[in-house]
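**Student:** just the structure for this:
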Amino acid sequence: MTGEPKDKVNVAVPEGSSGTVPHADPSTPEAQDAMWEAALAGVEGELDEDDSMTIGLLRGARRNDASRYGISSKRRHARILQIFGIVRKYDIFGGITPVKFRRMLEELGPTFVKAGQILSMRSEILPERFCRELTKLRSDVDPMPYETVVAVLEQEYGGSLGDVFDAIGEHPLGSASVAQVHRARLASGEDVAVKVQRPHVREVMAQDIDIMRSLVRHLTPFFKGDQFLDLTSVVEELWDTFREETDFLVEARNLEEFRRNSESCKFVTCPKPYMSLCTKHVVVMEYVEGITISSPAKLVDAGYDLTEIGTKLVDNYATQLLDDGFFHADPHPGNIEVYGGQIVFLDLGITGRLSPSLRRIMRDMIFSVAERDTPKLKSALLRLSLGSPDEVDHAALLADLDEVVDEFGTVSLSELDLGSFLGNIISLARRNGIELPGQITSMARGLVTLEGVLDEFLPGVNMIDIISQHIRSHTDTMAKVKHDAEELAIRGKAATKGLLGAAAQAELAMSMLTRGQLKLNMDFVGSEDPIDDLSHIADRLTLGVLSVGFLIAASAVVMSGWAEHARFTILDVPAFAFVCYVIAFALAFAILHNIWARHRRKHSK
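**Tutor:** Residues are numbered from 1 along each chain as shown. Below is the predicted model:
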């Protein structure tokens, strides 16, 4: 710790066409050059799209992102060329291996490293081998100079730091792509950790993400393989993460909320934020000098029981997910410490939320598996979907869900692997074109991360058994009755609202009918022109009736005694009857020919 901060230094700011991407065979260098030129033209053209511009009477047009983050066209263009140069270097059109993909992201810089970290936990997007390799992405980067840290703090607090801090540690406790943390002592004497955002990181990351949006849009058609189909959602998730991670007031509020939720739990907490000192670029929180979960030997030496720590850790995480609906979305070993007999969650920049309705649906899904009720599981899954259920192949979905029920429905709730179950549901939803909320992915990701922590550092803890005990608490008779009553009340309210709406629509329809304003629109599934189809049906019926009529008339003449006295016969058949037979068979042949011809035209389209 140093007593006085160093002098403030100036920090230099680094400098940094929408079209259709043509399909090409990537087997030749010439074709690859053409692809890159087309994609680059598309990305550069997008910089001038109208929907990203604003106009004013007193000021000229400008980009919203540029005005918000200070992104210049010159720096953007230079960054685009740099990105394309690095991507071409790794020859992604010729096929990319997991190792090459990781190295490319590292060379592209912090924003792409962050995207890779998100992708490493999205096994529903990338193959498992890619996900495992991306977990090796470095989370630590070269630290900021101490002078830069002091300069940022002085800018945030408007002058001398002596009124705020008594001392600030010169060496960082940790350094990441967005910020780094220093130990400090407040002027009032409290030991604190100060998280300082890197200068201009918002501008750099906003610029990169904006470029990534364009890259994904223009280059995705060139990739082959299902793993690249959903990169757009990764970019949007990265954008949401960026906005939260670069607004440190969000993290400070998350710390406050987590502490409130944990007040009744004696063995779990998080650092206390000093809200009056927190800004968009600085978080000041209580300093915790604990033992990280990744050091089990030190925990044992300090007198802790690893099994007890693991049991309480998992039980509390189940509480966060299923009871509080607010959970730590990245519980890796570096974010969990033990201090003073308590489990301390650090770095709440990335959190997840499950609304009461989402938690109810999750419980319904778990109950459906336990009851081996596939239709009920399908209904719950479609309630999670962000899209329209009309576009789903329900037969294929039921078949896939039958496999899930067969796999997980044979075990009791006490043996249900919730993380694996969610992973299967996410993969199944993707195969069937069902878009799930990002909270479900965050929940599954958190469970898988926590399971990895337990397997590596606390191997004596059974996460499945602990979470299932929490789930069983919701399957007691009274709890189940309460849950069903709540569900009945919700559905009853929706049904009542629907009935009232239907009554209002019926009243409107009757009013329009009595005034002659009601029109009927018919839609025949599989028919392009229903009126024409109805006309053909009527024609066939008419011809059929006539054919039958002539056939009956001819048969009546032949069967009658008058046929023996007929003066004109053809093949010993009265001429009148013969003509009726010819007309009847001609009409029947015409009907059959018409049916065959229309069937042939329909199947030749």
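**Student:** for S385, see how far away E435 is.
**Tutor:** Distance from E435 to S385, counting by C-beta to C-beta, to the nearest Å: 6 Å. The way it works is simple: take the backbone N, C-alpha and C, and place the C-beta from them, glycine included.
**Student:** let me see the contact set for the residue at minimal distance from the centre of the chain.
**Tutor:** Nearest to the mean C-alpha position of the chain, counting by C-alpha atoms, centre = their mean, stands G438 at 4.1 Å. By C-beta atoms under 8 Å, 6 or more residues apart in numbering, G438 lies in contact with E237, D240.
**Student:** and if we set it to 10 Å?
**Tutor:** For G438, the contact set (C-beta atoms under 10 Å, 6 or more residues apart in numbering) comprises S233, E236, E237, D240, A329, G352, L386, R445.
**Student:** name the element the fourth one belongs to?
**Tutor:** Put plainly, it is D240. When elements are defined using DSSP states H and E, D240 is found to belong to helix 231-245.
**Student:** pLDDT (mean, whole number) over that helix?
**Tutor:** Per-residue pLDDT over helix 231-245 has a mean of 74.
**Student:** and the next helix or strand past that helix?
**Tutor:** Past helix 231-245, further along toward the C-terminus, the next helix or strand under DSSP H and E is helix 248-261.
**Student:** give the other helices and strands that the next helix or strand after that next one contacts.
**Tutor:** Tracing the chain C-terminally past helix 248-261 and defining elements by DSSP H and E, one meets strand 268-269 next. Counting contacts by 3 or more C-beta pairs under 10 Å, 6 or more residues apart in numbering; DSSP states H and E, the secondary-structure elements packed against strand 268-269 are helix 248-261, helix 306-319, strand 342-345.
**Student:** let's test this: mean pLDDT of the first one, rounded?
**Tutor:** Same thing as helix 248-261. Across helix 248-261, pLDDT averages out at 95.
**Student:** can I get that helix in CSV? Just the C-alpha atoms.
**Tutor:** These are the backbone C-alpha positions of helix 248-261, laid out as CSV (Å, rounded to 0.1, in the frame of the first residue of the first chain):
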residue,chain,number,x,y,z
PHE,A,248,-20.5,-0.4,-12.5
LEU,A,249,-23.6,1.1,-10.8
VAL,A,250,-25.4,-2.1,-12.0
GLU,A,251,-22.8,-4.2,-10.2
ALA,A,252,-23.1,-2.1,-7.1
ARG,A,253,-26.9,-2.5,-7.0
ASN,A,254,-26.4,-6.3,-7.6
LEU,A,255,-24.2,-6.5,-4.5
GLU,A,256,-26.9,-4.7,-2.5
GLU,A,257,-29.6,-7.0,-3.7
PHE,A,258,-27.6,-10.1,-3.1
ARG,A,259,-26.8,-9.0,0.5
ARG,A,260,-30.5,-8.4,1.1
ASN,A,261,-31.5,-11.8,-0.2
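**Student:** buried stuff in it?
**Tutor:** Neighbour-count burial for helix 248-261 flags F248, V250, E251, A252, N254, L255, E256, E257, F258, R259, N261 (criterion: 16 or more other C-beta atoms under 10 Å).
**Student:** okay, E435 and S385: which has more neighbours?
**Tutor:** Set side by side, E435 and S385 show more neighbours around S385, with 17 against 13, by other C-beta atoms under 10 Å.
**Student:** need the contact list for the nearest residue to that one once chain neighbours are set aside.
**Tutor:** Counting by C-beta to C-beta, 6 or more residues apart in numbering, I434 is the residue found nearest to S385 once chain neighbours are left out, at 4.8 Å. Contact analysis of I434 by C-beta under 10 Å, 6+ apart lists 381-382, 384-387, 389, 391-392, 397, 425-426, 428.
**Student:** now do I434, the pLDDT please.
**Tutor:** Reading off the per-residue confidence, I434 sits at a pLDDT of 85.
**Student:** name the element it belongs to?
**Tutor:** Going by DSSP H and E, I434 is not in any helix or strand.
**Student:** one step back: looking at the contacts of I434, which are in helices?
**Tutor:** The subset of the contacts of I434 located in helices under the criterion DSSP state H comprises L381, L382, L384, L397, I425, I426, L428.
**Student:** wait, the first one touches V405, no?
**Tutor:** No. Using C-beta atoms under 10 Å, L381 makes no contact with V405, being 11.8 Å away.
**Student:** between these two, what contacts are shared?
**Tutor:** A shared contact of L381 and V405, defined by C-beta under 10 Å, 6+ apart, is any residue touching both; here these are S368.
**Student:** looking at those two, which one has more neighbours?
**Tutor:** Neighbour count, other C-beta under 10 Å: between L381 and V405, L381 has more, with 25 against 19.
**Student:** ok, now how distant is the more buried one from R601?
**Tutor:** According to C-beta to C-beta, L381 stands 41 Å off from R601.
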